[in-house]
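Engineer: My questions concern the predicted model and sequence given below.
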Amino acid sequence: MISKAKQVWVPGPLIVGAGPSGLAVAACLESKGVPSIILEKDLCIASSWKLRMYERLKLHLPKQFCELPHLPFPKEFPTYPTREQFISYIDSYAKAFCIEPLFGMSVESAAYDAGIGFWKVQANGLEFISRWLIVATGENAEAFRPEITGMPDYTEVILHTCEYKKGDDFRGKKVLVVGCGNSGMEVCLDLCNNGAQPSMVVRDKLHILPREILGISTFGLSMFLMRWLPMKHVDSFLLLCARLLLGDTEKFGLKRPKIGPLQFKMMSGKTPVLDVGTLAKIKNGEIKVVPGINHFTSKGVEFTDGRQEDFDAVILATGYRSNVPSWLKEEDFFDQRDGYPKTQFPNSWKGKNGLYAVGFTRRGLLGTSLEARWIAEDIATQWSSETRHLPSLGGSAASIKAQVYQWTGGMSDKVKEIVMNALSTDDERLPIQLWGPRDFP
Ligand SMILES: Cc1cc2nc3c(=O)[nH]c(=O)nc-3n(C[C@H](O)[C@H](O)[C@H](O)COP(=O)(O)OP(=O)(O)OC[C@H]3O[C@@H](n4cnc5c(N)ncnc54)[C@H](O)[C@@H]3O)c2cc1C
Ligand SMILES: NC(=O)C1=CN([C@@H]2O[C@H](COP(=O)(O)OP(=O)(O)OC[C@H]3O[C@@H](n4cnc5c(N)ncnc54)[C@H](OP(=O)(O)O)[C@@H]3O)[C@@H](O)[C@H]2O)C=CC1
Ligand SMILES: O=C(O)C(=O)Cc1c[nH]c2ccccc12
């Protein structure tokens with residue numbers, strides 16, 4: 001007999017990922033009376049923040065740009081909340097909206113079955129079946145570790161920034177930090193503040209901006225100016241301020257791209273570095289800027305200028321990638337090469353056949369909050385027009401009907417229990433057809 005994955009029928013949207021994006025969309029759906037289920041591969045919510053970020057991290061955008069829909073940050077939080085404060089906010093967010101994801105559910109595959117008009121999603125030996133699939137696995141799903149010649153010969157430790165916790169572990173050591181995005185810059189600063197000697201690999205041009213201009217957040221100011229001015233004019237303003245406040249960064253090995261910081265972010269996806277003190281340490285020589293790597297040696301590296309140097313440890317601050325192409329079998333909406341929606345913000349949230357994406361705007365949590373609202377609005381309209389037909393369903397759909405009414409009453413803490421019940425019933429597959437789009441013009 002062929003063994004088949006147990007099927008779980010999900011009578012609302014299925015969300016993949018319990019980070020801020022997945023939680024935000026679940027909360028927005030909940031506030032419209034639409035039940036949803038989140039599948040999360042790790043064993044906690046916001047696992048990126050809890051498990052894969054360093055201890056001293058602070059948000060680098062002011063809190064008003066990082067809050068999720070329907071629940072502001074506590075008033076007593078500072079302008080730039082710490083990682084711990086952000087985590088406590090996210091925990092209370094999930095509590096406030098009674099969101100209980102199914103943990104340990106790593107989605108391995110998801111495909112649309114046009115025959116029945118449903119998405120079939122495989123995770124942990126189960127097959128979830130849902131009308132709506134919301135991708136919330138994030139822009140930073142997988143650490144990107146480049147393969148550099150000779151790397152396996154290096155005998156000391158190589159970490160990615162997602163494994164770096166604190167500078168203490170490197171006291172007195174010479175550390176090579178590969179990459180100069182916000183992670184590389186901030187890890188260098190943390191190393192320095194903890195008595196290590198960091199060198200930072202800068203192989204290309206980059207934009208570095210002050211975090212604040214005359215006490216106003218640079219990000220906030222940019223967003224404000226963009227209401228009236230074209231992006232390239234805002235960029236010119238930012239470059240002028242950066243020049244006045246930071247000086248000529250090229251003197252310290254940090255060349256700027258020809259295109260301004262916001263346009264560069266939109267074109268290349270590369271976030272400008274918001275300086276929180278690293279530049280001062282580069283200027284005073286505590287952090288060294290070094291060129292790209294030719295190859296590793298057993299104790300260090302040879303740089304592209306031919307110079308060799310030994311290091312006690314290497315930290316890859318080489319960024320992250322989306323993992324969507326590894327599990328979503330779909331080619332219209334998501335780009336199989338980079339795992340982002342092919343269309344750009346504000347059109348990056350809705351695909352075909354009930355497929356949605358949240359958190360792929362390259363605009364941080366601000367983008368997430370906007371998309372979560374739009375998605376919930378869109379699904380809620382379909383949800384109410386579809387549930388209107390339910391009383392006419394009969395036979396084996398009766399029990400499902402009862403559940404749907406319970407859920408629309410907002411009892412999302414029941415979701416888990418009901419799914420678990422559904423796991424043990426094979427004969428409840430009939431409602432799949434009753435709920436197909438053919439039944440609901
Ligand atoms: C160091 C760092 C600092 C940042 N600081 C800020 C900031 O200050 N402000 C800001 O706006 N943005 C910031 N960002 C951007 C950041 O990506 C967002 O803040 C936020 O975490 C994105 O939320 P998300 O839910 O989209 O992704 P994530 O938080 O990454 O959540 C995605 C979830 O999906 C799960 N998942 C992935 N694949 C699967 C699968 N196949 N099956 C099941 N579950 C899966 C993951 O385990 C994870 O829990 C920062 C990013 C980093 C790396
Ligand atoms: N406090 C906060 O709020 C923080 C926010 N963040 C955010 O998290 C996200 C991820 O940031 P981050 O982790 O810095 O990743 P990024 O993708 O922004 O940066 C990756 C860096 O690695 C470099 N790199 C990649 N491959 C190589 C290689 N083979 N050799 C040398 N250099 C290489 C890139 O250089 P190149 O340009 O040459 O490819 C780039 O400088 C961003 O959105 C960032 O803003 C991160 C840290 C803190
Ligand atoms: O925090 C991040 O990394 C983001 O993606 C949001 C963000 C930070 N700085 C920016 C500058 C321009 C556009 C988005 C961001």
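Structural biologist: Received, thanks. Ligands and ions are numbered 1, 2, ... in the order given.
Engineer: all contacts plus neighbour counts: C-alpha atoms, from now on.
Structural biologist: Fine.
Engineer: shouldn't Gly12 be in contact with Leu133?
Structural biologist: No. The criterion here is Cα atoms under 8 Å, and Gly12 misses it with Leu133 at 9.3 Å.
Engineer: Name the residue in these two with the higher neighbour count.
Structural biologist: Leu133 (25 against 22; other Cα atoms under 10 Å).
Engineer: could you list every residue that touches the more buried one?
Structural biologist: Shown in contact with Leu133 (Cα atoms under 8 Å, 6 or more residues apart in numbering): 13-16, 119, 354-356.
Engineer: Let's see which of those residues end up in strands.
Structural biologist: Among the contacts of Leu133, the ones falling in strands (DSSP state E) are 14-16, 119, 355-356.
Engineer: Any residues of the protein in contact with ligand 1? List them.
Structural biologist: Within the chain, the residues that sit near ligand 1 (Cα under 6 Å from any ligand atom) are 16-22, 39-42, 46-48, 53, 59-61, 66, 105-108, 136-141, 183, 359, 364-366.
Engineer: how close does Leu39 get to Glu309?
Structural biologist: 46 Å (Cα to Cα, to the nearest Å).
Engineer: ugh, wrong one, Leu61
Structural biologist: When Leu61 is compared with Glu309 (using Cα to Cα), they lie 36 Å apart.
Engineer: now Ile134
Structural biologist: Distance from Ile134 to Glu309, by Cα to Cα: 47 Å.
Engineer: which one of these two has more residues nearby?
Structural biologist: Ile134 (26 against 13).
Engineer: Let me know the secondary structure of that one.
Structural biologist: Using DSSP: H, G, I helix; E, B strand; the rest coil, the structure places Ile134 in strand.
Engineer: so does stretch 266-283 get close to ligand 3?
Structural biologist: Yes. Using Cα under 6 Å from any ligand atom, stretch 266-283 reaches ligand 3 at 271-272.
Engineer: quick one, phi psi at whatever residue of the stretch 151-300 of the chain ends up closest to ligand 1?
Structural biologist: Nearest residue of the stretch 151-300 of the chain to ligand 1: Ser183, at 5.9 Å (Cα to the nearest ligand atom). Phi and psi for Ser183, reported as degrees, to the nearest 10, are phi -60, psi -50.
Engineer: again with Lys95
Structural biologist: phi -60, psi -50.
Engineer: From ligand 1, how far out is it?
Structural biologist: As judged by Cα to the nearest ligand atom, to the nearest Å, Lys95 and ligand 1 stand 16 Å apart.
Engineer: What count of nearby residues applies to that residue?
Structural biologist: 11.
Engineer: The one 5 residues further on now?
Structural biologist: A count of neighbours around Glu100, defined by other Cα under 10 Å, yields 22.
Engineer: Now do it against Ile15, distance only.
Structural biologist: Using Cα to Cα, which is the criterion applied here, Glu100 is 12 Å from Ile15.
Engineer: same check, this time on Cys188
Structural biologist: Counting by Cα to Cα, the gap from Cys188 to Ile15 is 36 Å.
Engineer: what do you get for Lys50?
Structural biologist: 20 Å.
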